[in-house]
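here's a sequence, model it:
(4 chains)
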Protein chains: 2
Amino acid sequence: MTESEKKLLEAKTQVLKALAHPVRLWMAEQLAEGEKCVCEMVEPLGLDFSTVSKHLSVMKQAGIVADDKRGKQVFYTLKVPCILNFMGCVEAVLENSAKEQACLLGK
Amino acid sequence: MTESEKKLLEAKTQVLKALAHPVRLWMAEQLAEGEKCVCEMVEPLGLDFSTVSKHLSVMKQAGIVADDKRGKQVFYTLKVPCILNFMGCVEAVLENSAKEQACLLGK
DNA sequence: TGTATATTTGGCAAAATAGCCAAATGATGA
DNA sequence: TCATCATTTGGCTATTTTGCCAAATATACA
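Below is the predicted model:
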């Protein structure tokens, strides 16, 4: 593996990591429906404001979301909706696993 | 957020986490080209046999690979090729970020 | 200018993850 | 059966990630 292949791999990984957390995945799903400000996400998540902000900054760093400051609030949008197409695949994995589980139990 | 929504979110996250590591992503890409035994991946990665095995077990647990023991070797296959469609989206994110970076530097 | 509101940043402790080594398991063939 | 090879598991430390608190920033408005 060359150094540049390694670099590319790390870069891709960073994007994946930005989604690979329950809070951030939830945020991505929320943002898929339209922009939201930080304050709108704090309460449903039941987390500290600073924690929510940090999660959003991880996603921003990864290039998945964009922020837009308007007045006192900051609105986030999903930059790459194709990310959510992927969730169909992830759900297929889960259904598959559930089926296998059921099959094992049936024996 | 209900308890079952939380459960679903965690399950999806587990699938994403299984890909969100350079070593595991590399493995997934390799397996996309066809089955491989553990021993074939150890050397290119330059990691301990046990480390490679553990990474594969994370992916197996997540339901994205299957293992098949034949003789002394264990062969792994990618169960869900749609996972790699997603990488197109991830690459789009990276290109986007690169473009923005270039734009900022150009100013 | 001062105050209140929304958000980010720095710092810290707790939890999760990664990778190595050594030991255990499992299959093959002498 | 014994020795060997491929792999997995257990256990340990080092690193990374998470989430809270407190403090800093930024904006609007009195």
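
which residues are in contact with residue A:53?
Taking C-beta atoms under 8 Å, 6 or more residues apart in numbering or on different chains, we find residue A:53 in contact with residue A:38. Heads up, the C-betas are built off the backbone N, CA and C, glycines and all.

so how far is DNA strand C from it?
3 Å (C-beta to the nearest atom of the strand, to the nearest Å).

cool, residue A:75 as well?
7 Å.

and for residue A:48?
Look at residue A:48 and DNA strand C: by C-beta to the nearest atom of the strand, they are 8 Å apart.

quick check on the residue lying closest to that residue once chain neighbours are set aside: phi, psi?
Leaving out its chain neighbours, the residue that sits closest to residue A:48 by C-beta to C-beta, 6 or more residues apart in numbering or on different chains is residue A:42, at 7.9 Å. Main-chain dihedrals, residue A:42, degrees, to the nearest 10: phi -60, psi -50.

and the longest helix along chain A, what does it pack against?
Longest helix of chain A, by residue count under DSSP state H: helix A:82-106. Helix A:82-106 makes packing contacts with helix A:22-32, helix B:3-19, helix B:82-106 when contacts are defined by 3 or more C-beta pairs under 8 Å, 6 or more residues apart in numbering or on different chains; DSSP states H and E.

in what helix or strand does residue A:75 lie?
Here residue A:75 sits within strand A:73-78, counting by DSSP states H and E.

if we can go back for a sec, for residue B:36, find the nearest of the helices and strands packed on helix A:82-106.
Proximity to residue B:36 (C-beta to C-beta) singles out helix B:82-106 among those, at 14.9 Å.

list phi and psi for the closest residue to residue A:77 other than its chain neighbours.
Once flanking residues are discounted, residue A:77 sits nearest to residue A:35: 4.5 Å by C-beta to C-beta, 6+ apart. For residue A:35, the backbone dihedrals are phi -60, psi 150 (criterion: degrees, to the nearest 10).
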